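Visitor: Requesting a structural model of the entry that follows:
(one chain, ligands or ions: 1)
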Amino acid sequence: MDYMDSEYFSYKNNELYCENIPLKELSKLYGTPLYVYSKNFMRDRYSEFTSAFESVNHKIFFAAKSNFNLNVMKLFYDLGSGIDVNSVGELYRALKIGADPKRMLLTGVGKTKDEIKLGLEHDVLMIKAESLEEVYQINKIAGEMGKVAPVAIRVNPDVDPQTHPYISTGLAENKFGIDSSKALEMFLECSSLSNVNLCGIDMHIGSQITSLDPYVEAVIKMTELTKKIISRGIKIEHFDIGGGFGIKYLNEVPFTPAELADALIPIFKQLDCEIFFEPGRFLTANGGALITEVLYTKSNNAKNFIVVDAAMTDLLRPSIYKAYHHIQPVEKNMEEEIVADVVGPVCESGDFLGKDRTITGCKANDLLAVMSAGAYGMVMASNYNARRRPPEVIVDKDKIFLARSRETFEHLLYDEKIIDELHA
Ligand SMILES: Cc1ncc(COP(=O)(O)O)c(C=O)c1O
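Guide: Numbering: from 1, shown residues only. I've put the predicted structure just below:
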């Protein structure tokens, strides 16, 4: 089998390490399932991205939805990143790390009145609106609060990002943003609102995009539109191209930030705008692994199964997107390879981490690492089957930090109680 190996997750004497720490040691300390993140992966990816664009006036807003562990958010924030928050829950988390709201973007296709109000109360840098009705709503709420809301409008450039349909967002058929053919008209209409300062234009065409073409096509379309909007007297200061920059889960050959910069900077230079980026997955995915222990192995007719202690409740992506996460042993052994489904304990056929995987034969108590799990992993974890969500550990060279403990049974109950009158 192929092993995914990098300077952050690598085999030393047949044992898989995160930076300088054997994953086996972490599983002894914290049990399994367990999320492990490499601090230096995240730091290096951030530097790689920001240095690629150093010749243009730009800002990075880490997409908190990809991994909102407080320490992960703080790591990027301390490196100079802003934070793209997609709900007031993420805003709350960002405030908890002491982030300045002036370094936050409030995103989301369906913000409630309370969310808009909270964004305005905290004076976030920009609220991104996704419909004409939403701009009017923001204007009304800002008026009631005696404020002028800084707003960007998300335009749907109608390009095919060539990615999984569930993570494609920039096609005309998707629910996101406003139709590009109506955008100029809408900017003109909204520019006259007295409690809105229309200062940005925004797009986000999808996620896990590995080809440059959709970005080039979308950015050209958006640049032409922005020029028209500016020529009508509207001062667009921020041009936000969203996130979506793809990574290698297996055989993908994604573009590098330097290649993206080469393709886009000449287009950006046609505008006098500050460029915003909202990367999530690129900064975190390959900096994380989910460590799981084999519980049982079995064969049913033609199929082999490896039953592990991690489930769709810990890593949902395989179940909902049929997403591929490479699964490899924490300790390489000389066993023969088998083809097996790696499945979890949850009572759903959709509960699998990998199907038909060629994997070295493993037995109960062996450990497996589910790779590329640093993005859209823990953030999508749930308590289905009353499972406790796993802990998260961050490794920095030879230091280990428990960034979040495993949930307890008390966490599962939170404020739930037996109401005596109901059962009287
Ligand atoms: C508006 C917006 N920005 C940024 C992102 C981050 O995307 P990615 O993690 O693919 O970079 C997303 C993801 O869905 C998004 O919806």
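Visitor: and the protein, which residues reach the ligand?
Guide: Taking CB under 6 Å from any ligand atom, the part of the chain that reaches the ligand is made up of 63, 65-66, 84, 107, 204, 207, 242-245, 278-282, 375. Just so you know, the C-beta spots here come from the backbone N, C-alpha and C atoms, and that holds for glycine as well.
Visitor: which residues sit against whichever helix or strand Leu75 is part of?
Guide: Using DSSP states H and E, Leu75 falls within helix 70-78. With CB atoms under 8 Å, 6 or more residues apart in numbering as the test, helix 70-78 has contacts from 37, 39, 42-43, 46, 60, 62, 64, 67, 83, 93-94, 96-99, 103, 283-284, 394, 401, 403.
Visitor: Please enumerate the strands of the stretch 151-300 of the chain.
Guide: 178-179, 196-202, 238-240, 274-277, 288-300 (DSSP state E, counting those that start in this stretch).
Visitor: Next, format these as CSV and append mean pLDDT, distance to Leu212 and mean neighbour count.
Guide: Converted to CSV, those look like this (pLDDT from 0 to 100; distance: least, CB to CB, whole Å; neighbours: other CB atoms under 10 Å):
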stretch, mean pLDDT, distance to Leu212, mean neighbour count
strand 178-179, 88, 25, 16
strand 196-202, 97, 20, 23
strand 238-240, 98, 18, 23
strand 274-277, 98, 15, 22
strand 288-300, 96, 25, 19
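Visitor: could I get those strands as a markdown table with distance to Ser382?
Guide: As requested, the strands of the stretch 151-300 of the chain are exported to a markdown table (distance: least, CB to CB, whole Å):
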| stretch | distance to Ser382 |
| --- | --- |
| strand 178-179 | 32 |
| strand 196-202 | 30 |
| strand 238-240 | 30 |
| strand 274-277 | 29 |
| strand 288-300 | 14 |
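Visitor: where exactly do the helices run in the stretch 301-424 of the chain?
Guide: For the stretch 301-424 of the chain, the helices defined by DSSP state H, counting those that start in this stretch occupy 317-321, 409-413.
Visitor: Could you find the closest non-adjacent residue to the closest residue to the ligand within the stretch 1-150 of the chain?
Guide: Using CB to the nearest ligand atom, the single residue of the stretch 1-150 of the chain nearest to the ligand is Ala63, 3.5 Å away. Spatially, and ignoring its direct neighbours in sequence, Ala63 is nearest to Gly280 (3.2 Å; CB to CB, 6 or more residues apart in numbering).
Visitor: Of the helices of the stretch 301-424 of the chain, which stretch is the most buried?
Guide: helix 317-321 (a mean of 19; mean count of other CB atoms under 10 Å).
Visitor: List the contacts of that helix.
Guide: Applying CB under 8 Å, 6+ apart, the contact partners of helix 317-321 are 164, 166-167, 312, 323-325, 348, 350-355, 376-377, 380.
Visitor: ok, now with 7 Å
Guide: Residues from elsewhere that reach helix 317-321, judged by CB atoms under 7 Å, 6 or more residues apart in numbering: His164, Tyr166, Met312, Ala323, His325, Gly350, Asp351, Phe352, Leu353, Gly354, Tyr376.
Visitor: Just the CA atoms of that helix, as CSV, please.
Guide: What follows is helix 317-321, C-alpha atoms only, in CSV (Å, rounded to 0.1, in the frame of the first residue of the first chain):
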residue,chain,number,x,y,z
ARG,A,317,-16.8,13.3,5.2
PRO,A,318,-16.6,9.8,3.9
SER,A,319,-20.2,9.2,4.7
ILE,A,320,-21.6,12.4,3.3
TYR,A,321,-19.3,13.1,0.3
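Visitor: Quick one: mean pLDDT over that helix.
Guide: Helix 317-321 shows a mean pLDDT of 96.
Visitor: how far does that helix sit from the chain's center?
Guide: From the chain centre to the centre of helix 317-321 is a distance of 14 Å (CA atoms, centre = their mean, to the nearest Å).
Visitor: can you tell me how far the closest residue to the ligand within the stretch 101-250 of the chain sits from Leu315?
Guide: Nearest residue of the stretch 101-250 of the chain to the ligand (CB to the nearest ligand atom) works out as Gly243 at 2.8 Å. From Gly243 across to Leu315, the span is 20 Å (CB to CB, to the nearest Å).
Visitor: picking that back up, mind giving me the PyMOL command for buried ones among the contacts of helix 317-321?
Guide: Buried residues within the contacts of helix 317-321, by 16 or more other CB atoms under 10 Å, are selected in PyMOL with:
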select buried, resi 312+323+325+351+352+353+354+376
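Visitor: of the contacts of helix 317-321, closest to Glu133?
Guide: Distance to Glu133 across these (CB to CB) is lowest for Tyr166, with 25.2 Å.
Visitor: Report pLDDT for that closest one.
Guide: pLDDT, Tyr166: 65.
Visitor: go on, Glu173?
Guide: pLDDT, Glu173: 65.
Visitor: And for the helix or strand hosting Leu105, what's in contact with it?
Guide: Applying DSSP H and E as the criterion places Leu105 in strand 104-106. Strand 104-106 is contacted by residues 61, 82-85, 91, 94, 119, 124-128 when judged by CB under 7 Å, 6+ apart.
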